[in-house]
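**Q** The sequence and its predicted three-dimensional model are supplied below.
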Amino acid sequence: MISAGQLKAARALLGIDQKQLAELSGLSLPTIQRMEGSEGVIRGNVDSLMKLLDALDRAGIIVIRPGDVSDAGAGRGVRLKGDGM
């Protein structure tokens, strides 16, 4: 899925704050704060996680899962769509 670090990095790439991400995803601000405060992989309601991932995708973020290969090698991360493609 996505880790708290990836979520923070994705927001940084987009230049948005937690409130803006909450609005984009249709989730509450406390839910976004709880997700970012998680240790490691974010756990929670599947519907909420899917809303989050869908919002990031629509905003232009690619979530790189562990073991996925990107131009920089293999491993977890995020990048903007079109960046290095």
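**A** Nice, I can see it. Numbering: from 1, shown residues only.
**Q** rest of the way, CA atoms for contacts and neighbours
**A** Noted.
**Q** Moving C-terminal from the least confident helix or strand in the chain by mean pLDDT, which element do we reach first?
**A** Lowest on mean pLDDT, DSSP states H and E among the helices and strands of the chain sits strand 73-74, with a mean of 60. Once strand 73-74 ends, the next helix or strand along the chain (criterion: DSSP states H and E) is strand 77-80.
**Q** give me the low-pLDDT residue ranges for the protein?
**A** Scanning the chain with the threshold set as pLDDT under 70 gives 67, 69-75, 83-85.
**Q** just the helices in it please.
**A** 4-14, 18-25, 29-36, 46-59 (DSSP state H).
**Q** next one: the second one to chain centre, how far?
**A** Its chain's C-alpha centre and that of helix 18-25 lie 12 Å apart, by C-alpha atoms, centre = their mean, to the nearest Å.
**Q** who does it touch, helix- and strand-wise?
**A** helix 29-36, helix 46-59 (3 or more C-alpha pairs under 8 Å, 6 or more residues apart in numbering; DSSP states H and E).
**Q** Residue 78 is nearest to which of the helices of the chain?
**A** helix 4-14 (6.1 Å; C-alpha to C-alpha).
**Q** distance between that closest one and the chain's centre?
**A** 6 Å.
**Q** what's the answer for stretch 52-69, then?
**A** Relative to its chain's centre, stretch 52-69 lies at 6 Å (C-alpha atoms, centre = their mean).
**Q** what do you get for stretch 51-58?
**A** Its chain's C-alpha centre and that of stretch 51-58 lie 8 Å apart, by C-alpha atoms, centre = their mean.
**Q** quick one: residue 39 and residue 63, what's the gap?
**A** Taking C-alpha to C-alpha, to the nearest Å as the measure, residue 39 falls 17 Å from residue 63.
**Q** what do you get for residue 2?
**A** Distance from residue 2 to residue 63, counting by C-alpha to C-alpha: 7 Å.
**Q** tally of neighbours for the residue nearest to residue 55 when sequence neighbours are not counted?
**A** With sequence-adjacent residues excluded and distances taken as C-alpha to C-alpha, 6 or more residues apart in numbering, residue 55 is closest to residue 25, at 5.0 Å. Neighbours of residue 25 under the rule other C-alpha atoms under 10 Å: 20.
**Q** No further questions, thank you.
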